[in-house]
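Undergrad: following is a predicted model, sequence given first.
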Amino acid sequence: MSIDTNPPTISIGSKNLEVNVDASEQELKKDVIAKDTKDGDLTGSLIVESISRFTNRKKHICNITYAVEDSDKNVAKATRTLRFKNYTKPRFYLRKPLCIETSSEENTRNLIGVKDCIDGDISRKVKILSASFSTASSGDNTVVAQVTNSMGDTVTLKAHVLINSTNTKAPIINLKNNLVYVKKGSKFNEMKYIKSVQTPGGKEISKNKVKIKTSTVNTKRKGCYYVEYMINEGKITESVTDLTVVVEDE
């Protein structure tokens with residue numbers, strides 16, 4: 001019995017494919033047909049072999065490659081461009097505010113996470129580029145973190161870190177999120193990000209008692225800013241917490 005050495009053929013109806021980031025394999029294989037002179041229609045055996053990194057990051061365009069094998073182990077491949085319509089850049093999140101207690105051995109690497117619309121949680125890929133500060137005394141510092149997703153898209157966070165002494169008897173300011181993204185040119189209300197205020201024993205305190213100690217937020221310019229909230233309750237030493245704010249393009 002002779003062995004067929006001719007590979008199958010793959011035909012693509014449209015050279016440009018546009019899908020959402022959560023597209024199914026069936027959607028990724030839209031208008032792609034595979035045929036073989038011996039085996040006939042092999043479209044059902046067609047696979048998505050690979051999706052490249054972005055070839056055009058601004059427009060979220062990459063290459064998608066298909067492959068199919070016939071019964072004689074002949075392989076055919078074909079490539080076309082793919083654009084993700086609803087792609088968004090990886091976004092940082094914070095497991096807790098960037099407030100570190102003096103003399104603490106807390107590592108900022110453990111506080112910073114990243115979620116990606118394609119790869120999911122990629123916190124393990126975060127690299128700390130700069131965080132050379134001491135917790136020996138209170139003060140303002142900076143941490144620079146960076147991450148790259150599977151599409152080759154790199155994002156960087158340069159955030160404020162507050163080193164301060166913690167009073168275990170002071171009230172606790174709880175934020176809705178420790179890091180928020182806001183659009184350039186939008187209105188910004190610092191107070192709406194306060195979730196609750198409690199005593200160490202869990203008793204609720206009015207959020208109206210919280211004051212803004214510092215706010216560097218400027219929604220007219222892209223960048224990373226911070227809001228420092230504080231509260232004084234009776235004779236107890238003030239409590240302070242930080243909200244990290246990233247202003248991004250509209």
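TA: Everything's here; your move.

Undergrad: what mean pLDDT does stretch 117-137 get?
TA: Average pLDDT, stretch 117-137: 87.

Undergrad: ugh, typo on my part, it should be stretch 158-165
TA: For stretch 158-165, the mean pLDDT works out to 89.

Undergrad: which residues does Val227 bridge with?
TA: Here Val227 sits in beta bridges with Ser215, Leu243, going by DSSP bridges.

Undergrad: Val240 is in contact with that one, correct?
TA: No. With contact defined as C-beta atoms under 8 Å, Val227 does not reach Val240; the gap is 10.8 Å. In this view, the C-beta of every residue, glycine as well, is placed from N, C-alpha and C.

Undergrad: out of these two, which sits in the busier spot?
TA: Applying other C-beta atoms under 10 Å to Val227 and Val240 shows that Val227 carries more neighbours, namely 23 against 19.

Undergrad: buried residues, the helix or strand of the chain with the lowest mean pLDDT. List them.
TA: Sorting the helices and strands of the chain by mean pLDDT, DSSP states H and E puts strand 99-101 at the bottom, at a mean of 87. For strand 99-101, the neighbour count (16 or more other C-beta atoms under 10 Å) marks 99-100 as buried.

Undergrad: given it, what are its sheet partners and their directions?
TA: Within its sheet, and counting by DSSP bridges, strand 99-101 is paired with strand 154-164 (parallel).

Undergrad: what residues does the very next helix or strand once past the strand it pairs with touch?
TA: Next along the chain after strand 154-164, taking DSSP states H and E as the criterion, comes strand 172-175. With C-beta atoms under 8 Å, 6 or more residues apart in numbering as the test, strand 172-175 has contacts from 97, 193-200, 210, 229, 231, 239-241, 243.

Undergrad: helices - which of those land there?
TA: Assigned to helices by DSSP state H, none of those qualify.

Undergrad: out of those residues, which are buried?
TA: Buried among the contacts of strand 172-175 by 16+ other C-beta under 10 Å: 97, 193-194, 197, 210, 229, 231, 239-241, 243.

Undergrad: nearest to Lys29 among the contacts of strand 172-175?
TA: Of all these, Lys29 sits closest to Tyr193, with 43.6 Å by C-beta to C-beta.
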